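>>> Provided below are the primary sequence and the corresponding predicted coordinates.
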Amino acid sequence: MEREMDVLRRCSLFAGLSDAQIGALLREWQPARREYLRGETLLLAGYETRELGSVLSGQIEASKHTADGAPLTLARMGAGGIF
C-alpha cells in the first residue's frame with residue numbers, strides 16, 4: 001500500500017510543499033479519516049459543505065441520474081484526488 005505522505009504529495013492542494021509543511025498543515029487542520037463502503041454516497045450535489053476531502057486509497061466517482069433514472073458517471077478519481 002502506498003504511504004499516505006506519498007499520496008498527499010501528489011495532491012494539487014499540497015503541490016510544491018515539503019513533507020514538513022504538509023505535516024504542519026495537517027496538524028493545524030486536524031483532519032478526520034473516514035472510510036466508505038463501495039456504493040456509499042459521500043456528498044449530494046447542491047448540498048452545502050465546509051469540508052474538503054482527499055482520496056488516500058481506492059477510487060471515488062461523481063455521478064448523477066439522467067431524466068430516465070440511469071446513472072451517469074461525471075468523473076472518477078483515485079489516490080491523490082481532491083473532492
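Structure's in. What do you need? Residues are numbered from 1 along each chain as shown.

>>> I'd say Q59 and R76 touch.
Yes - under the criterion of C-beta atoms under 8 Å, Q59 makes contact with R76 at 6.1 Å. Any C-beta I mention is one placed from the backbone N, CA and C, and that applies to glycine too.

>>> what about the strands in this protein?
Remark: strands assigned in the chain by DSSP state E are 59-65, 71-78.

>>> turn those strands into a markdown table, columns for mean neighbour count, mean pLDDT and distance to Y36.
Below are those laid out as a markdown table (neighbours: other C-beta atoms under 10 Å; pLDDT from 0 to 100; distance: least, C-beta to C-beta, whole Å):
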| stretch | mean neighbour count | mean pLDDT | distance to Y36 |
| --- | --- | --- | --- |
| strand 59-65 | 12 | 91 | 8 |
| strand 71-78 | 10 | 92 | 13 |
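
>>> how many other residues sit next to L56?
19 (other C-beta atoms under 10 Å).

>>> do you know how far it is from K64?
Per C-beta to C-beta, to the nearest Å, L56 is found 25 Å from K64.

>>> so which residue is smack in the middle of this protein?
By C-alpha atoms, centre = their mean, the chain has its centre lying nearest to S54, at 2.9 Å.

>>> what is that residue paired to in the beta sheet?
I82 (DSSP bridges).

>>> next: M77.
I60.

>>> wait, it sits on V55?
Yes - the criterion here is C-beta under 8 Å, and M77 meets it with V55 at 5.8 Å.

>>> who touches both of these two?
Listed as contacting both M77 and V55 by C-beta atoms under 8 Å, 6 or more residues apart in numbering are F83.

>>> which residues in the protein form helices?
Using DSSP state H, the helices found in the chain span residues 4-10, 19-29.

>>> neighbouring contacts of the longest one?
Taking contacts as C-beta under 8 Å, 6+ apart, the residues outside helix 19-29 that touch it are M5, L8, R9, F14, L17.

>>> repeat that for 10 Å
For helix 19-29, contacts defined as C-beta atoms under 10 Å, 6 or more residues apart in numbering pick out E4, M5, D6, L8, R9, C11, L13, F14, L17, S18, P31, L52.
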